[in-house]
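**Q** Need a 3D model of the following:
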Amino acid sequence: SRGIPFYDKIVFANFSSLMPNFKITYLLPEEENKNKRFIFVYEDESLYRMSVANGKIYKDEFMYVHFLRRDMEICISANSKKFIIIPNKLIPYTTITRQFIIKASRPHWIKFILLHFIENAYKLNYKTVIPVLITKVKGYSKLFFNNKKKQYE
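**A** Here you go, the predicted model:
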């Protein structure tokens, strides 16, 4: 308001822990179209989001990514200088095409639910399952209806 310049770029990515695929929880409104289908690429000591929007591939640099309670399968060597980060995996670098990004970033709901069930099976009884289900349904519906509302605005 006083005309003092400040840095307003978002250089980090926090993912929603309610989604099996990547969904950045905080973005500028003009970046929202790049938040549906994307992966991350680490190359040349930099981290990039590679997204598909409007039929084009976009490459945006990020400073860091926070994987909020996300188990990551590591399929690369410890000294890899270039690799791809897809939901729940770090994989060796390969040619990145529009189709690769779309396929790698699609939600894997069944796998996500099964893994979540297996990880938490020891906690399962009626006192824990019902509150967790209610919380998850509320979270998913809130995300779903917020996205639908944004489409119509």
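**Q** Residues contacting the strand or helix carrying S51, please?
**A** Under the criterion of DSSP states H and E, S51 resides in strand 46-53. Residues outside strand 46-53 that contact it (CB atoms under 8 Å, 6 or more residues apart in numbering): 13, 33-42, 57-65, 96, 98, 101-102. Quick note: C-beta positions are derived from backbone N, CA and C, even for glycine.
**Q** Given it, what are its sheet partners and their directions?
**A** Within its sheet, strand 46-53 is paired with strand 38-43 (antiparallel), strand 56-62 (antiparallel), according to DSSP bridges.
**Q** And the contacts of the helix or strand just after the longest one?
**A** Yep, that's strand 56-62 we're talking about. Next along the chain after strand 56-62, taking DSSP H and E as the criterion, comes strand 64-66. Residues from elsewhere that reach strand 64-66, judged by CB under 8 Å, 6+ apart: 11-15, 40, 47, 85.
**Q** and with 6 Å instead?
**A** Applying CB atoms under 6 Å, 6 or more residues apart in numbering, the set of residues contacting strand 64-66 from outside is 12-14, 40.
**Q** For the nearest residue to P92 once chain neighbours are set aside, pull up the helix or strand it's in.
**A** What sits nearest to P92 in space, not counting adjacent residues and going by CB to CB, 6 or more residues apart in numbering, is I76, at 5.6 Å. I76 is part of no helix or strand when elements are defined by DSSP H and E.
**Q** and A78, how many neighbours?
**A** The tally of other residues near A78 (other CB atoms under 10 Å) stands at 5.
**Q** So it: helix, strand or coil?
**A** Using DSSP: H, G, I helix; E, B strand; the rest coil, the structure places A78 in coil.
**Q** And the helices in the chain?
**A** Under the criterion DSSP state H, helices of the chain are mapped to 98-104, 109-119, 126-152.
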